[in-house]
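# Need the 3D shape of this:
(chains A and B)
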Amino acid sequence: MFGAFIMSKIYDLIIIGAGPAGITASVYAARKEMDFIVLTMDIGGQTAWSGDIENYLGYQFITGTELTSKFEEHIKKYNVEVKEAEEVIEISKNGDDVLVRTDSSEYRARSLIVASGKQSKPLGVPGEEEYRNKGVAYCATCDAPLFAGKTVAVIGGGNSALEAALQLIKIAKHIYLINITPELGGDTIIRDKVAASDNVTIMNNSQVKEIFGSTFVEGIKIETEKKEETLSLEGVFVEIGLKPNTAFKSDLEKNEQGEIVVNCNNETNTPGIFAAGDVTNVLEKQIIIAAGEGAKATLSAFRYISKIK
Amino acid sequence: MKNVKVYSTSTCPFCLKVKQFLKDNNIDFEDIDVAVNQEKVEEMVQKTGQMGVPVLDIEGEIIVGFDKDKITAALGL
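Down below sits the predicted model:
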């Protein structure tokens, strides 16, 4: 009965995600007095996990946690209906209506904005899933303090891997930086800082083959230029980049990276469905860009439903 | 009032959420920052068999992560 009741309601707009794109989209939708709902796994998205932010306008310096609180405060002002911890399973269309099925309910609307963001990419090696939270970690900002005085590996060679290494340098006993390419990427400033530390071993051309242990992680097997080697350590920080949150079923066009393809008005290949932020093929992934894209997406959705109403 | 302990670090977003949730519901709790208190890391790992924060200990009932439903049930809210 309850499900049937929900299905009978048709929102103007559904917003999936509550990172900077989704939250900005919400603020714009509230100010347009649209009847809408936000479905999200969490509030803040990647911003909540960010360290120091110095390029979001209006704040010369703010932490990711503080900026997320500011975002939350902002939408609270508008009494936005937010459903947290709901995972989207399928997006489809029925005539002009957009249907969104989640793990616990179904929703119908005239338009939809997908702003579901990105998440850490897994390594995809044996032992990774088994030892998740048992030595395998994906957030150095959160979990680095748990590895004080221990030997750890950071997997990756870009900025996020270098930043993780930098946080661990002060805490851990020794850090192996396992990088699959011939040279580290990332910004020179941070790369030099990592390279200058005496408790870091940089291993280029190296690939993780397996994570092993008993109750907790005890080591990793790596391959460097076809030579296999075992490193004894207690922590593995996976920092090999991000993947878009587009595992739900849909007919949306995606690029090779799995990002939703949008045009400059945030329109997808499906009328009435828009996308914004890191989940899209917009090249630059920045908080301020995601926020701007979220605003654009709502204005496009508003224009769209004004035409079909 | 139930005895509530929160094992956390100052930088993890879900730790902050757990603590905010408890405060919003007027629940007193002992805040254990495992980043500054190393022997508490061992205590937490022994209790839970894992290394992720936050961990709640509500009168011996262990909850890993910000699981609103479980926390609500354990506190009888």
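# The one helix or strand A:Glu229 maps to packs against which elements?
Here A:Glu229 sits within strand A:227-232, counting by DSSP states H and E. Helices and strands touching strand A:227-232, by 3 or more Cβ pairs under 8 Å, 6 or more residues apart in numbering or on different chains; DSSP states H and E, are strand A:217-224. For every residue, glycine as well, the C-beta is placed using N, CA and C.
# Listing partners with orientation, what would you give for the strand it packs on?
With DSSP bridges as the test, strand A:217-224 is paired with strand A:206-213 (antiparallel), strand A:227-232 (antiparallel).
# residues from the stretch 101-250 of chain A in reach of chain B?
Residues of the stretch 101-250 of chain A lying close to chain B by Cβ under 8 Å from any Cβ of the partner chain are A:133-135, A:137, A:139, A:141-143, A:145-146, A:148-149, A:215-216.
# May I ask which two of the residues you listed are separated the most?
Distance extremes for these: the farthest pair is A:Thr141 and A:Thr215 at 25.1 Å, using Cβ to Cβ.
# More neighbours: these two, which one.
Set A:Thr141 next to A:Thr215 and count neighbours by other Cβ atoms under 10 Å in any protein chain shown: A:Thr141 wins out with 21 against 11.
# Let's verify that one: helix, strand, or coil?
The assignment at A:Thr141 comes out as helix when based on DSSP: H, G, I helix; E, B strand; the rest coil.
# What pLDDT does the model give it?
As predicted, A:Thr141 sits at a pLDDT of 79.
# hang on, isn't it packed against B:Phe14?
No: A:Thr141 is beyond contact range of B:Phe14, at 11.7 Å (criterion: Cβ atoms under 8 Å).
# How about residues contacting stretch A:287-302?
With contact meaning Cβ atoms under 8 Å, 6 or more residues apart in numbering or on different chains, stretch A:287-302 is reached by A:13, A:19-29, A:32, A:34, A:47, A:50, A:53, A:55-57, A:67, A:111-113, A:115, A:117, A:265-267, A:272, A:274-278, A:280, A:282.
# and chain B, which residues reach chain A?
Taking Cβ under 8 Å from any Cβ as the contact definition, chain B meets chain A at B:9, B:11-16, B:34-36, B:38, B:41, B:45, B:49-53, B:64, B:68.
# what ranges do the strands span in the stretch 101-250 of chain A?
Ranges of strands in the stretch 101-250 of chain A, per DSSP state E, counting those that start in this stretch, are A:106-114, A:118-120, A:136-137, A:151-155, A:174-178, A:200-203, A:206-213, A:217-224, A:227-232, A:235-238, A:242-244.
# and A:Leu39, what is it in contact with?
For A:Leu39, the contacting residues are A:Ile14, A:Ile15, A:Ile16, A:Lys83, A:Glu86, A:Val88, A:Val100, A:Thr102, A:Tyr107, by Cβ under 8 Å, 6+ apart.
# can you tell me which of those are in strands?
Taking DSSP state E, the ones among the contacts of A:Leu39 that sit in strands are A:Ile14, A:Ile15, A:Ile16, A:Lys83, A:Val88, A:Val100, A:Thr102, A:Tyr107.
# Could you single out the nearest of those residues to chain B?
Of all those, chain B sits closest to A:Lys83, with 12.4 Å by Cβ to the nearest Cβ.
# Specify the beta-bridge partners of the closest one.
Beta-bridge partners, per DSSP bridges, of A:Lys83: A:Leu39.
# Tell me which of the strands of the stretch 101-250 of chain A sits nearest to A:Gly258.
strand A:242-244 (4.9 Å).
# Show me what the helix or strand following the closest one is in contact with.
Using DSSP H and E, the next helix or strand after strand A:242-244 towards the C-terminus is strand A:273-275. Strand A:273-275 is touched from outside by A:91, A:93, A:98, A:111-115, A:252, A:260, A:262, A:266-268, A:297, A:300-301, A:304, with contacts defined as Cβ under 8 Å, 6+ apart.
# what about residue 76, neighbour count?
This is for chain A. By the criterion of other Cβ under 10 Å, A:Lys76 has 10 neighbours.
# switch to chain B, that's the one I care about
B:Gly76 has 7 neighbours, counted by other Cβ under 10 Å.
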